[in-house]
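Colleague: turn this into a structure:
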Amino acid sequence: MQWEFDFIMPQRLLLKRILSQKSRVSIGSEFGGNGFYVNVDQPNYPKVFEYSQLAINSGLTYERKITKMVYATIKGGVTNFVSNRLTEKGKDTQDYIYKNSQKMTGYFMVGFSFNPFVN
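Modeller: Purely as a prediction, here's the structure:
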């Protein structure tokens with residue numbers, strides 16, 4: 001059982017190792033973002049703003065094949081927030097009206113996935 005290097009710039013940098021025919025573990029970092037709209041009902045303000053976050057999640061991932069088409073995933077680690085900004089909807093993120101910084105925080109995730117295309 002060897003370690004594999006999974007590198008897609010700038011999305012992820014992972015080391016993966018197959019533990020058995022049904023499971024594998026990964027350690028490393030993944031870059032991603034979240035965004036959502038904020039509706040404002042105040043005079044002299046735009047009606048809709050967009051809040052966006054860019055973050056790096058670093059930690060450990062365990063994946064297990066439950067059936068031929070169903071997989072379970074458990075992830076845990078720390079999130080380092082790179083950018084948190086509020087902008088008017090449709091405007092460039094450099095033209096923000098609010099910016100904040102967050103300290104590193106822990107995260108934990110459990111998930112299931114279904115692949116109907118397995119032979």
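
Colleague: how close does the residue nearest the centre of the chain get to Asn84?
Modeller: Residue closest to the average C-alpha location in the chain (C-alpha atoms, centre = their mean): Gly32, at 4.7 Å. Using C-beta to C-beta, to the nearest Å, Gly32 is found at 14 Å from Asn84. The way it works is simple: take the backbone N, C-alpha and C, and place the C-beta from them, glycine included.

Colleague: could you do Phe108 as well?
Modeller: Counting by C-beta to C-beta, the gap from Phe108 to Asn84 is 21 Å.

Colleague: okay, these two: which has more neighbours?
Modeller: For Phe108 versus Asn84, the count of surrounding residues by other C-beta atoms under 10 Å is larger for Asn84: 17 against 9.

Colleague: so that one, which of the three states?
Modeller: Classification of Asn84 using DSSP: H, G, I helix; E, B strand; the rest coil returns strand.

Colleague: need the overlap of contacts for Gly32 and Asn84.
Modeller: Common neighbours of Gly32 and Asn84, counting by C-beta atoms under 8 Å, 6 or more residues apart in numbering, are Leu54.

Colleague: state the pLDDT value of the residue nearest to the centre of the chain.
Modeller: Note on Gly32: pLDDT of 95.
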